[in-house]
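Q: give me a model of this one.
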Amino acid sequence: MSKESPEECPEPVQLEAKTPPEKTSDYYRVSEDLPVRFNNPAWFRGYRTKKAASLYRTSNQTYGSRAPTVHEMPKVFYPNTHKFSRELAASGMFRNNTFNVYMEKSLVTGPDNYITSFDRLNFHPSYNVSKPSICD
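A: I've put the predicted structure just below:
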């Protein structure tokens, strides 16, 4: 090897240790029943990656496009029981089997009136059985 162009050794590359992602429990006292996903906000991603036209962009779109921080995550989790859904699946939807006693509305006299022979102004002559119909 010549002395005029010695090969230089590259400087050693130091690998930086990655810091573990922040957890909610590092900053706040969290419930023991808190699901793991709420203790790790780094698992959530923003919902939108494409930029919308700034004319139509709302503040909710801006807020929802960012991933949540440790300070926005819930600290307590109260799960709902599935008792109602289980009972509904077992028995089915409620069905009203009571006796229908209301009067039907007439298509002839209009939606506001009931068919009664006592209301002579609104009663259609074709319903009168004792006289011939004038609608023939």
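Q: the biggest helix by length in the chain - what's its average pLDDT?
A: When the chain is parsed with DSSP state H, its longest helix is helix 83-91. Helix 83-91 carries an average pLDDT of 89.
Q: can you check stretch 27-39 too?
A: In this model, stretch 27-39 carries a mean pLDDT of 90.
Q: now it: buried residues?
A: V30, L34, F38, N39 (16 or more other C-beta atoms under 10 Å). Glycine gets a C-beta too; all of them are placed from N, C-alpha and C.
Q: check stretch 70-83 too.
A: So stretch 70-83, judged by 16+ other C-beta under 10 Å, has buried residues V70, M73.
Q: who's in contact with that stretch?
A: For stretch 70-83, contacts defined as C-beta atoms under 8 Å, 6 or more residues apart in numbering pick out 22-24, 26-31, 33-35, 38-39, 41.
Q: of these, closest to G92?
A: Lowest distance from G92 to the contacts of stretch 70-83 (C-beta to C-beta) belongs to P35, with 32.0 Å.
Q: now the closest one: closest residue in space that isn't a chain neighbour?
A: Counting by C-beta to C-beta, 6 or more residues apart in numbering, P35 lies nearest to F77, which is 6.0 Å off, once chain neighbours are set aside.
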